[in-house]
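Q: This is a predicted model, with the sequence first.
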There are 6 protein chains.
Amino acid sequence: MRFDEAYSGNVFILSKQDYDNADAVLYGMPMDWTVSFRPGSRFGPARIREASLGLEEYSPYADKHLEEVNYFDAGDIPLPFGNPQRSLDLIEEYVATLLDAGKFPLGMGGEHLVSWPIFKALKNKYDDFAIIHIDAHADLREQYEGEPLSHSTPIRKACGLIGAENVYSFGIRSGMREEFQFAKESGMHMHKFDVADPLKKVLPALAGRNVYVTIDIDVLDPAHAPGTGTAEAGGITSKELLEAIHLISESDINVIGADLVEVAPIYDPSEQTPIAASKFLREILLGWVNKK
Amino acid sequence: MRFDEAYSGNVFILSKQDYDNADAVLYGMPMDWTVSFRPGSRFGPARIREASLGLEEYSPYADKHLEEVNYFDAGDIPLPFGNPQRSLDLIEEYVATLLDAGKFPLGMGGEHLVSWPIFKALKNKYDDFAIIHIDAHADLREQYEGEPLSHSTPIRKACGLIGAENVYSFGIRSGMREEFQFAKESGMHMHKFDVADPLKKVLPALAGRNVYVTIDIDVLDPAHAPGTGTAEAGGITSKELLEAIHLISESDINVIGADLVEVAPIYDPSEQTPIAASKFLREILLGWVNKK
Amino acid sequence: MRFDEAYSGNVFILSKQDYDNADAVLYGMPMDWTVSFRPGSRFGPARIREASLGLEEYSPYADKHLEEVNYFDAGDIPLPFGNPQRSLDLIEEYVATLLDAGKFPLGMGGEHLVSWPIFKALKNKYDDFAIIHIDAHADLREQYEGEPLSHSTPIRKACGLIGAENVYSFGIRSGMREEFQFAKESGMHMHKFDVADPLKKVLPALAGRNVYVTIDIDVLDPAHAPGTGTAEAGGITSKELLEAIHLISESDINVIGADLVEVAPIYDPSEQTPIAASKFLREILLGWVNKK
Amino acid sequence: MRFDEAYSGNVFILSKQDYDNADAVLYGMPMDWTVSFRPGSRFGPARIREASLGLEEYSPYADKHLEEVNYFDAGDIPLPFGNPQRSLDLIEEYVATLLDAGKFPLGMGGEHLVSWPIFKALKNKYDDFAIIHIDAHADLREQYEGEPLSHSTPIRKACGLIGAENVYSFGIRSGMREEFQFAKESGMHMHKFDVADPLKKVLPALAGRNVYVTIDIDVLDPAHAPGTGTAEAGGITSKELLEAIHLISESDINVIGADLVEVAPIYDPSEQTPIAASKFLREILLGWVNKK
Amino acid sequence: MRFDEAYSGNVFILSKQDYDNADAVLYGMPMDWTVSFRPGSRFGPARIREASLGLEEYSPYADKHLEEVNYFDAGDIPLPFGNPQRSLDLIEEYVATLLDAGKFPLGMGGEHLVSWPIFKALKNKYDDFAIIHIDAHADLREQYEGEPLSHSTPIRKACGLIGAENVYSFGIRSGMREEFQFAKESGMHMHKFDVADPLKKVLPALAGRNVYVTIDIDVLDPAHAPGTGTAEAGGITSKELLEAIHLISESDINVIGADLVEVAPIYDPSEQTPIAASKFLREILLGWVNKK
Amino acid sequence: MRFDEAYSGNVFILSKQDYDNADAVLYGMPMDWTVSFRPGSRFGPARIREASLGLEEYSPYADKHLEEVNYFDAGDIPLPFGNPQRSLDLIEEYVATLLDAGKFPLGMGGEHLVSWPIFKALKNKYDDFAIIHIDAHADLREQYEGEPLSHSTPIRKACGLIGAENVYSFGIRSGMREEFQFAKESGMHMHKFDVADPLKKVLPALAGRNVYVTIDIDVLDPAHAPGTGTAEAGGITSKELLEAIHLISESDINVIGADLVEVAPIYDPSEQTPIAASKFLREILLGWVNKK
């Protein structure tokens, strides 16, 4: 028994806790301060780790075992409460460091705005990449005057950063009229309501490209993910989201990083949302890291 | 800032609070006193209004915005607790007034028995109309001796009032043997288990007719609507109920009013039932009012 | 009013409470002491009985009424807390008595390990029988040294007892690599992810045989059964499990007993899991007992 | 193992299930149909029994063991839903039978109106008795026209039945102005806010008399009993209610029966209300039955 | 039946909804955007109104009836999400209007920072007034650089505004060392842990003065108010807070307004926190408005 | 930003994570496998750490700041599920290592049986020490045949190990008759129902002695600690337990270690139990470590 070792507490199941040899780094972004309706996703990463203890380490979908992947659970980035700008700067710096070290960044939100600094860090490293965005909400709002940062804006910002034609949204079933108009006019690729079927059509066209994937847990129907801030009826099943993850695993795209956001445990006393999220992360670790 | 205006509190999102110019009136019927198993729907309307604040005002399904509809949230009818007969009389009088004024009545239950006085008010105005009934339960029981009013009887009563051949039920998966027998023998149209597929077949036959639509939230599987008194496993998804609403929107029937009943918030700590209900009401407002 | 009668409290709806004339005996096995992740299924049987009071006694699926079946709810077997071996011995003895008396044993768990002594009792009576196993988890682990009994082992033990070729698993989506390897090599029949479709193919081959059916409620997606210890995202719907039950009802196999396990009410404040479980039991009573 | 015995399910801990030799009979009255604010006490008795399994059978307060008392848990009286008058008639008849047989009736509600028929049955047997009423609410409303029976009226009715001067209320902190006026003018004995201190003063005056005790669980602060329909802040602690029960045990009054009402489990996910209620019942069984 | 009347929905019980003749105005401040640990108090006012429906209109403590007070429930101030400065400006303007009109402002939070603009509005009207502050937390932090507004600062700001010697805190049991140091050195009056006893000593010294009272619900022990963001063990009971309110009612101070803040319903499935809050507000309406 | 540092995740607030220089070591014992009624304390330590983030680091009770104490949160001991004997061996070995290194062991349960191996480790180091035991339950049962280890036995075992005369129990309000008999006859010191008052009397007699303190959270009334397995009505308040902790801090005894056990989060959706537990641990760290 050694007490000078790293803490033995709440880490994602089977994490090796060895940063240097890790191919992927799992990290939390416990921020929800721009959420207007039902906050609480700041507690998402901790509960996803806790729920991961109920997972098997082997996936019968992928026929792979977590031991086959080198990943390091780095804990949560310590974000300054109530200060969105500073929080986003910290996330950008953090992910940039991971990318410099050649790690696959796998983030856990927190609200969806946390994806925006990740996009910026990626842009610094990759001349060209696409984004796959799986979500109930378009997240295509422009900055409001006076309220420059909001969880409804990251995909609009992404369009500005990497070109709308490189952004692919799936499962969208909610947004303002202006967002859907922008989607149509900007050249971005929006697939409403469904995820797996349109993915099947889109993935071949993305073959060989670098792609970042951002998943908002609320793409699931509230039946499958009640623990989220802006639950929206009429969503997809857990089965379909698993299928989507596996389609990406089996595709010819080069996944350069991913995040899973908006798990808010307080609205889900049965804990099914973090339980499902931990399974999605296992499948991502097994299928997207070093997939080459 | 003016303090003499109407109350700025809990109303359905974007309600104009102007009765005179309203095309539709949204009203609550907070009654659950004939419910035997798990009461609580008396609190449904208030929580649906509260949940509506998380909705977008635009629908990507209908490509319409709530600003395009004039509706007035009139609050809850003040019903005398524990007195079913007097409560039903008040509802009938209330809806009759709305119909006289040419308003589209959009009711929120409350238990399903509240639809019965609405049927009676409609009968006074329309010589001929049909009822579309979407529900897990047949609600075809006869009056019991001594217990003349029950939440299991409104559709049987409707058959007596407007002729069984004008009543169309969808999604039914629970009832007494006698109710299913009555369905067969009476000439009414009962479609078991499913909603969207049979609707597709039935709607053309109803083209041009006046139709009232009553939806019991428990037609959904408890996965999608845990907050209801008599949850019944094996139901449809929120996606299918949205599809059914849109099928009606796109049909050639003339919708003369509607209600959504049996949301009982206490059984649903994640609030997904009122969240879903508020979305269904938005789609109804956008698709059924003034549909011509 | 007579006070010398059997207790009028919490029994499954419409149970005749007459052992001698009963064709089927419903009994609870309130044991969860080998569950590692989230215990609580010891309270399952009591809540399933309570939820059954919200059921109709007639099934529109089977067009049958519970009055047509003679069953006796015998309450829970008094199991010694924390002593798995003694508990299993008691269950085996209990079920053996039922089988001797020609009763159809219909058990409610408790954790899945309770099925193991039932298998042993059946083996004593029947030279030849098959097992249909519907579950999210393979439950094919071998005994651990020092930990001889675990809720992850009953199906592996069953393979040893009656021959792997007589064991048919459906819906499996979780397990260790070794379990899936064993499934492949042992000659047992494992159907991953789905239940109804593979059942359709398998049932004709089992025609005429004696078959015991064990259902773990966690085969359902957590959306449909949040109240279980090891919820696993990506499961089937309540609708599909009902379909599976009815496929068996309509098949030519001879069902010699059944159990439904792993309902853990504490994780499900909306009570939808015991509500669904009580409906599955109603359909089993109507369709599997005396099916000839 | 015998299957012809009484059901082994949900009974109060250590109940002997032998009516003939029982000194006390524990029975449930699962009725809540006149409750206006938050119904649900119809499920109280079942959950109190379930919670009793966590109790020790010995009381260090009384230095007595439940084996020293002969009691029979008779289950719940089957009350016709939604029919208050018929329900009350059944309760009266039921309790009359118990009194004829010389049993100590110990009732579990249900709403407080269930005490009214018990009072009537007692009046038939005893020429003279007093009532100790422990409650947050005065329950002194008169019958409303048209609504003859309500959970706010039983103590007013009691005053009419046995004379206001024989009614002693404790802990009252809520009611209409008219109720408090009636209390003053009628000659009844109302002690506001506290229970144990006024009891100490009153009990000597009641020495030697026959006394029925009715306890509404909402006399406790909602901190100690959140699971009740009309929770009222500012109440007493569980410790004080235990003290009150023990004061009665040690007094010289002759307790002729008792009830504990208004436990509504749905509002208490931690189950502390039924857990506390089962302890109060244990202390009542140990201290009030055969106290001589 | 008139539909042009003010909304009949969720208002505090018995509110006359007549602004012009109102002596007091009840208003909500649904803001929680500077809360770091557990947000959610933005939903407090709506649930307090809903819970008020379970209250009696008469108080046996004060022997007064709500009909004796003219108050108007003005609903919630529409505050811009995530913009603390603009929100505070709106509150200040709102309360200034009330004060100009001679109304007693009775606010419902929302987080405690909402009291700060009220203090500023009061300062504009009254040359001299004191503040009674009842809370678990000192709320004496200074402004942070970059984070100018926080729910931990309002009392520190108050000390600057009206002089520390005019600020009286009660029940404080949590804070930074610096806050307690400031309390000692600044000349303000801090009473730790208890409320009623120190109030008894302080109130005579405040006789004749204008006093504003701000109550943070978390002064209660979490047993009595689990529904709050920063629950702190070791607090007072509901009984003691009621006593404190009544001590103020019976004192010779002139109460010029009050607020009750930090009710966060999501953490309290039993709803005991809004239930208690609504009772405190009733006692405040009865005892502090027009007390003279 | 460095990624090779110890994990930044879920640790007790302000833990220095430096074992070598730590005076105290905080560690979790996530075991609940001998609990019969309501298991779940295996999740206690993780939730106490999470709740600690809402604490202030300064105590106005002790006028001390956590920075003044060197402690190291070592995470949870990895205990083998379902194997009590091996788990207890691991705990004993673990604590022995801490004692050898001169650390103050501060344990978090888990069920109360975890204290037993700690007692054994202490006995190895100290010739003479006493135990202060604060609990609702006597925990004085003897070993059962066949069930050698149970959460009801640790204090009985302690009496055998260090002499009954060295064991002081406080707050006891539940147990078997035999346990209270043993307490009387064995010479141990049992103080029923209360904690602070008897402590005041006992502490002077213990002056100068080495004392280990074990606290079962269920000594609190369920109002203050609903999140525990065997909640027992009639307990003390959080205020009284804080007072008891401070009495020990200010006494002349030498505290040689402590534990706080039986926090079971699943029964407490408001999280008040882990919130309170984290405060007790803060006061213990501030008052008992290096108190001399």
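A: Perfect, thanks for sending it.

Q: Contact residues of the stretch 51-200 of chain A facing chain F?
A: Among all residues of the stretch 51-200 of chain A, those adjacent to chain F (criterion: CB under 8 Å from any CB of the partner chain) are A:72-78, A:93-94, A:97, A:101. Where you see a C-beta, it was placed from the backbone N, CA and C, and this is true even at glycine.

Q: Pull out the buried residues from those.
A: A:72-77, A:94, A:97 (16 or more other CB atoms under 10 Å in any protein chain shown).

Q: distance of the nearest residue to residue A:51 once chain neighbours are set aside from chain F?
A: Distances taken as CB to CB, 6 or more residues apart in numbering or on different chains put residue A:274 closest to residue A:51, at 4.0 Å, once the chain neighbours are dropped. Residue A:274 sits 13 Å away from chain F, going by CB to the nearest CB, to the nearest Å.

Q: mind checking which helix or strand residue A:274 is in?
A: If you go by DSSP states H and E, residue A:274 is part of helix A:272-288.

Q: Which other helices and strands does that helix contact?
A: Using 3 or more CB pairs under 8 Å, 6 or more residues apart in numbering or on different chains; DSSP states H and E, the elements in contact with helix A:272-288 are strand A:24-29, helix A:44-52, strand A:58-59, strand A:64-65, strand A:104-109, helix A:238-250, strand A:254-261.

Q: How many residues are close by residue A:130?
A: Neighbourhood size, residue A:130 [other CB atoms under 10 Å in any protein chain shown]: 24.

Q: How about residue A:209?
A: The burial count assigned to residue A:209 is 15, neighbours taken as other CB under 10 Å.

Q: OK, contacts around the closest residue to residue A:137 other than its chain neighbours?
A: In space, residue A:137 comes closest to residue A:174 once its chain neighbours are excluded; the distance is 4.9 Å by CB to CB, 6+ apart. Shown here is residue A:174, whose contacts under the criterion CB atoms under 8 Å, 6 or more residues apart in numbering or on different chains are A:136-138, A:230, A:232, B:56, B:60.

Q: measure residue A:174 to residue B:61 for me?
A: As judged by CB to CB, to the nearest Å, residue A:174 and residue B:61 stand 10 Å apart.

Q: Might one say that residue A:25 is in contact with residue A:72?
A: Yes - counting by CB atoms under 8 Å, residue A:25 sits close enough to residue A:72 to count as a contact (5.2 Å).

Q: so residue A:179 sits in a helix?
A: Yes - according to DSSP: H, G, I helix; E, B strand; the rest coil, residue A:179 belongs to a helix.

Q: give me phi/psi at the residue nearest to residue A:137?
A: phi -160, psi 140 (degrees, to the nearest 10).

Q: which stretches of chain A form helices?
A: The residue ranges that make up the helices of chain A, judged by DSSP state H, are A:44-52, A:84-100, A:115-125, A:154-162, A:177-186, A:196-202, A:238-250, A:272-288.

Q: How far off centre is the second one?
A: On the basis of CA atoms, centre = their mean, to the nearest Å, helix A:84-100 sits 15 Å off its chain's mean C-alpha point.

Q: Next, format the helices of chain A as JSON lines and append distance to residue A:67.
A: Compiled in JSON lines, the helices of chain A are given as follows (distance: least, CB to CB, whole Å):
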{"stretch": "helix A:44-52", "distance to residue A:67": "15"}
{"stretch": "helix A:84-100", "distance to residue A:67": "22"}
{"stretch": "helix A:115-125", "distance to residue A:67": "27"}
{"stretch": "helix A:154-162", "distance to residue A:67": "34"}
{"stretch": "helix A:177-186", "distance to residue A:67": "42"}
{"stretch": "helix A:196-202", "distance to residue A:67": "29"}
{"stretch": "helix A:238-250", "distance to residue A:67": "18"}
{"stretch": "helix A:272-288", "distance to residue A:67": "10"}
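
Q: can you tell which of these is closest to residue E:130?
A: Comparing the helices of chain A against residue E:130 with CB to CB, the closest turns out to be helix A:84-100 (37.6 Å).

Q: what's the span of stretch A:107-116, first residue to last?
A: Across its full length, stretch A:107-116 reaches 12 Å end to end, with CA to CA, to the nearest Å as the criterion.

Q: hmm, it touching chain E?
A: No - figure legend: stretch A:107-116 not in contact with chain E (CB under 8 Å from any CB); closest approach 11.2 Å.

Q: Would you agree residue A:65 is in contact with residue A:57?
A: Yes - between residue A:65 and residue A:57 a contact is recorded at 5.8 Å, counting by CB under 8 Å.

Q: if we can go back for a sec, closest one of the buried ones among the residues of the stretch 51-200 of chain A next to chain F to residue B:33?
A: Top of the list for closeness to residue B:33, among these and by CB to CB, is residue A:76 at 49.6 Å.

Q: Name the nearest residue to the closest one, ignoring sequence neighbours.
A: Excluding its sequence neighbours, the residue lying closest to residue A:76 (CB to CB, 6+ apart) is residue A:28, at 3.6 Å.

Q: for the one you found, what are its contacts?
A: Remark: with contacts taken as CB under 8 Å, 6+ apart, residue A:28 is in contact with A:44-46, A:75-77, A:107-108, A:110, F:9.

Q: cool, residue A:52 as well?
A: Contacts for residue A:52 were tallied using CB under 8 Å, 6+ apart; they are A:12-13, A:278, A:281-282.

Q: try residue A:228
A: A:41, A:217-218, A:222, A:262-264, A:267, A:273.

Q: and the two most separated of those residues?
A: By the measure CB to CB, A:41 and A:222 form the most distant pair in the contacts of residue A:228, at 15.0 Å.

Q: Please name the nearest non-neighbouring residue to the residue nearest in space to the middle of chain A.
A: Central residue of chain A (CA atoms, centre = their mean): residue A:259, 2.1 Å from the mean position. Residue nearest to residue A:259 in three dimensions, not counting chain neighbours: residue A:107, with 3.7 Å by CB to CB, 6+ apart.
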